[in-house]
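Asker: I'd like to go over a predicted model; first the sequence, then the structure.
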Amino acid sequence: METRDTYQSISSETKAVFRDKASKFIAFAIPVSDEDEVKHNLDRLRKEYYDANHHCYAFRLGIDGGVYRLNDDGEPSGSAGRPIFGQILSSEISDVLVVVVRYFGGTKLGVPGLIHAYKTVSREALDQAVIIEKTVLAHYEVRFPYGRINDVMRILKDDGITMENQEFDNNCTIHFRVRISKAAMIKSRLTNINDLSIFIHT
């Protein structure tokens with residue numbers, strides 16, 4: 001079975017606004033690659049919209065979407081973070097943060113009204129986004145004596161692998177990235193070269 005190494009995300013930040021009974025909901029769909037970027041963007045929006053009543057959000061990270069979080073930020077449980085996350089799931093994307101900033105208009109919407117508002121504005125923000133394909137790469141470092149350089153370069157060039165950095169001396173070092181679907185095959189070919197050491201970087 002072929003290893004899956006691509007998934008979908010969004011290319012850039014988008015924004016949408018929804019109003020209901022004088023409450024204003026502003027949604028931001030933001031591409032992120034890790035939890036540090038999630039925190040940075042949450043902090044940014046909390047500072048920019050410091051006078052809002054709620055900053056509710058959901059995010060999903062990684063090729064399988066296995067890292068995720070939902071936050072109602074003081075709204076009734078399940079009325080904000082879950083409908084936001086539901087729209088991320090239905091878009092079949094990852095590496096995305098959706099934040100909805102709410103200004104309370106004085107009239108309570110009730111849980112069904114809140115679910116509808118958070119779902120609608122999140123959907124509108126995501127509908128504006130350009131969907132892109134992201135590729136998961138494995139990062140390797142190989143070390144070998146100079147006499148093995150032709151063998152190593154032949155393998156890397158045959159498979160069109162881009163080298164990130166290289167040092168050629170009596171002892172040589174090359175850093176490269178390869179799609180995870182090809183990683184096992186490349187590693188197997190390289191380990192057949194005598195005196196070569198291969199290291200995986202995270």
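Answerer: On my side now, so go ahead.
Asker: May I see the buried residues of the longest helix along the chain?
Answerer: Secondary structure assigned by DSSP state H gives helix 110-128 as the longest helix of the chain. Judged by neighbour count using 16 or more other CB atoms under 10 Å, the buried positions of helix 110-128 are 114-126. Using the backbone N, CA and C atoms, a C-beta is placed for each residue, glycine as well.
Asker: Least confident secondary structure element in the protein?
Answerer: Each helix and strand of the chain was given a mean pLDDT (mean pLDDT, DSSP states H and E); the minimum falls on strand 163-167 at a mean of 85.
Asker: Note down every partner strand of the helix or strand just after that strand and its orientation.
Answerer: Read in the C-terminal direction, the helix or strand following strand 163-167 is strand 171-179, with elements assigned using DSSP states H and E. The strands beside strand 171-179 in its sheet (DSSP bridges) come out as strand 137-145 (antiparallel), strand 163-167 (antiparallel).
Asker: And those strands: which comes nearest Leu109?
Answerer: Between Leu109 and the strands paired with strand 171-179, the shortest gap by CB to CB is with strand 137-145, which sits at 44.8 Å.
Asker: Following that closest one in sequence, what is the next regular element?
Answerer: Moving toward the C-terminus from strand 137-145, the next helix or strand (DSSP H and E) is helix 149-158.
Asker: by contact count, what packs against that next one?
Answerer: Counting by 3 or more CB pairs under 8 Å, 6 or more residues apart in numbering; DSSP states H and E, the packing neighbours recorded for helix 149-158 are strand 171-179, helix 180-191.
Asker: That helix to strand 163-167, inter-axis angle?
Answerer: Counting by axes from the mean of the first three to the mean of the last three CA atoms, to 10 degrees, helix 149-158 points 170 degrees away from the direction of strand 163-167.
Asker: Next, the angle helix 180-191 makes with helix 149-158.
Answerer: Orientation note: helix 149-158 sits at an angle of 160 degrees relative to helix 180-191 (the same axes, to 10 degrees).
Asker: For helix 149-158, buried residues please.
Answerer: For helix 149-158, burial by neighbour count (16+ other CB under 10 Å) applies to 152, 155-156.
Asker: Go through stretch 195-202 and flag the buried ones.
Answerer: Neighbour-count burial for stretch 195-202, counted by 16+ other CB under 10 Å, picks out Leu196.
Asker: Kindly export it (C-alpha atoms) in CSV.
Answerer: Listed next in CSV are the C-alpha coordinates belonging to stretch 195-202 (Å, rounded to 0.1, in the frame of the first residue of the first chain):
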residue,chain,number,x,y,z
ASP,A,195,31.0,3.3,4.8
LEU,A,196,27.9,5.5,4.6
SER,A,197,26.0,6.5,7.7
ILE,A,198,22.4,7.9,7.5
PHE,A,199,20.6,9.9,10.1
ILE,A,200,16.9,11.0,10.4
HIS,A,201,16.2,14.5,11.5
THR,A,202,12.9,15.6,13.0
